[in-house]
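1. predicted model, plus sequence, below.
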Amino acid sequence: MTQAPRSTRRQLGQFGLALIAAASMILVNPAAQAQSKKDSAVIGMILEPTSLDPTTAPAAAIGEVVHYNILEGLTKINVDGSVTPLLAESWTMDADGKAFTFKLRKGVKFQDGSPFDSSAVKFSFERAKAEKSTNKAKGAVFNNISHISTPDAHTVVLVLTNPDGNFLFRMGENTAVILHPNSADAAATKPIGTGPYKLDNWAKGTAVTLTKWDGYRDAANVKLKKVTFRFINDSSAQVAALLAGDIDGMPRFQSPQSLKQFQTDKRFVVELGSTAGKGIMTINNKKKPFDDVRVRRALSHAIDKKAFIDGVFEGLAKPIGSHMAPTDAGYVDLTGQYAFDPEKAKALLKEAGVQTPLNVTLTLPPPPYARKGGEILAAQLAKVGIVAKIENVEWAQWLGGTFKGNFDLTVINHVEPLDYMAYANPNYYWGYDSKAFRDLAAKHSATTGAKDRTKLFGDMQRMIANDAVNVFLFNATNTAVYKKGLKGLWSSSPIFANDMAAVSWN
């Protein structure tokens, strides 16, 4: 066998090494890319929060970023709505339902090294019920706490004025997260909690980035080292971002018209679930002529809810007749109370002495259900003589103006569960001031018997509907779209949260 010259053998050897190196690159690079994907995720969100402190600001988008990620409460609400321990490892309730004793986890620290103990819980709840508190659960939850005691560093006793069958659920909402006295004042921009992630960066208008906190009590089971929440309120842009791989998932996808495209694309998973949302056309009850119940009832008869749901959600929503979701215990179906009847709407307007055309402003925040839905509502209102001038505003403008009571009509999805007590607050943005409802709500709160509470709960729903406080439109289906291989994202939204410590890549 003839042997090749030494120079040729050297060249062949070099060529062979090059092939091996190239093969190594082919084998290693995809693995490296996959590895980079396995420890990070980019999640799409519709709205950018104006603050990162859910105990002082009302936007549900805050919870999507910080709840269960940076900030934690005593209990945890799971995707199925069940309540389990979180910062409290156990609890007991007295027989009268008015006192709860929480045993706190030991060895837990805040991300700045401050200890988590009963004094932090006491501080957080006293702050939430303070005179100057802007906590949106102040009236319904924290004002009902009459006494807080801390027998030791790991025990908290909360005594209620009235029993609250939902109290453990309330303790799992983002309004009840625990902050430390040293860092609470800065939580709007620099939240420091006990959760698995720390705030890394907030690029205003674009994204919030969180990084894994190695000091978390269960850090070994947190798979994602970095989580980025990107803000995309345009539905077409959401679709484009998913298809381009710019985001890995959208737990609350807002383009139902594009669902079939993702359902037939093997790169994606589509899941449909439930929400606690109540989509409404809010009416400013303090403004004339909306202070007349006949005018508000006329608005309800003027709206074709089925046409709205078909046009906005492709049918992926249920009509509602009061401020409760069909998934709520004790829900009463009142959808038949205001049938779509333009002629009756016109008659009610005439009876109320309203001269048509009636010119009003319909203020619309960024979500697609509002912008697209607003056009449908305006067209339906026009048919009964109400000319609704559409005013599109950004989310910060809506919170700073509309939510302060500066509007005629607006469209919004109230996603907070069991938030019916807002109707007992005459200073809430829709301006409903009813002593009869406040008395009914107080009676419900003071009642302990399950049967009586259920009846009173139904009476409250009926009163809100009878007074036509708002036009109750829809309870949306939760739609989650994400890349195949990503697991742990919530398919339902009992609350607006993204529990990223439970998310990982296959």
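-> Thanks, I have the structure now.

2. okay, L27: pLDDT?
-> Reading off the confidence values, L27 has pLDDT 42.

3. shaky segments in the stretch 1-150 of the chain?
-> Across the stretch 1-150 of the chain, the stretches falling below the confidence threshold (pLDDT under 70) are 1-37.

4. what segments of it are strands?
-> Shown for the stretch 1-150 of the chain, the strands assigned by DSSP state E, counting those that start in this stretch span residues 40-45, 75-77, 83-85, 88-93, 99-104, 145-152.

5. list the residues that contact the residue lying closest to E173 once chain neighbours are set aside.
-> For E173, ignoring the flanking residues on the chain, the nearest one in space by Cβ to Cβ, 6 or more residues apart in numbering is I495 at 6.2 Å. All C-beta spots, glycine's among them, are computed from the backbone N, C-alpha and C. Residues in contact with I495, defined by Cβ atoms under 8 Å, 6 or more residues apart in numbering, are G63, H67, I77, G172, E173, N174, A276, V415, E416, P417.

6. is it true that K98 touches P163?
-> Yes: if you go by Cβ atoms under 8 Å, K98 and P163 touch, sitting 5.6 Å apart.

7. picking up where we left off before, of the contacts of I495, just say which sits nearest to F437.
-> In terms of Cβ to Cβ, no member of those lies closer to F437 than E416, at 18.4 Å.

8. quick one: pLDDT of that closest one?
-> On the pLDDT scale, E416 is placed at 95.

9. isn't it right next to A60, touching?
-> Yes: taking Cβ under 8 Å as the contact criterion, E416 and A60 are neighbours in contact, 6.5 Å apart.

10. what sits in contact with each of the two?
-> For the pair E416 and A60, residues contacting each of them under the criterion Cβ under 8 Å, 6+ apart are F496.

11. number of residues surrounding the residue nearest to N478 when sequence neighbours are not counted?
-> Nearest residue to N478 in three dimensions, chain neighbours excluded: G273, at 4.1 Å (Cβ to Cβ, 6+ apart). Neighbours of G273 under the rule other Cβ atoms under 10 Å: 16.

12. my guess is G273 contacts S492. True?
-> Yes: A contact is recorded between G273 and S492 when judged using Cβ under 8 Å, the distance being 3.2 Å.

13. what residues are shared contacts of the two?
-> Overlap of the contact sets of G273 and S492 (by Cβ under 8 Å, 6+ apart) consists of V79, N478.

14. circling back to that earlier point, got a quick PyMOL command for the buried subset of the contacts of I495?
-> The buried residues among those can be selected in PyMOL (16 or more other Cβ atoms under 10 Å) with this line:
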select buried, resi 63+67+77+172+173+174+276+415+416+417
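
15. and which of the contacts of I495 is nearest to Y428?
-> Proximity of the contacts of I495 to Y428 (Cβ to Cβ) peaks at E416, which lies at 12.5 Å.

16. name the SS class of the closest one, please.
-> coil (DSSP: H, G, I helix; E, B strand; the rest coil).

17. tell me how far it lies from S445.
-> With the distance defined as Cβ to Cβ, to the nearest Å, E416 ends up 18 Å from S445.

18. for the stretch 301-450 of the chain, just list every one of the strands.
-> Taking DSSP E, counting those that start in this stretch as the test, the strands found in the stretch 301-450 of the chain are 317-319, 358-364, 386-392, 409-414.

19. for the record, mean pLDDT for the shortest one?
-> When the per-residue pLDDT values of strand 317-319 are averaged, the result is 98.

20. ok, which stretches of the stretch 201-350 of the chain are helices?
-> For the stretch 201-350 of the chain, applying DSSP state H, counting those that start in this stretch gives helices covering 235-244, 259-263, 293-302, 305-313, 342-351.

21. could you list the buried residues of the last one?
-> Put plainly, it is helix 342-351. Within helix 342-351, the residues that qualify as buried by neighbour count (16+ other Cβ under 10 Å) are P342, K344, A345, K346, L348, L349.

22. and G107, how many neighbours?
-> One way to gauge burial is a neighbour count; for G107, by other Cβ under 10 Å, it gives 8.
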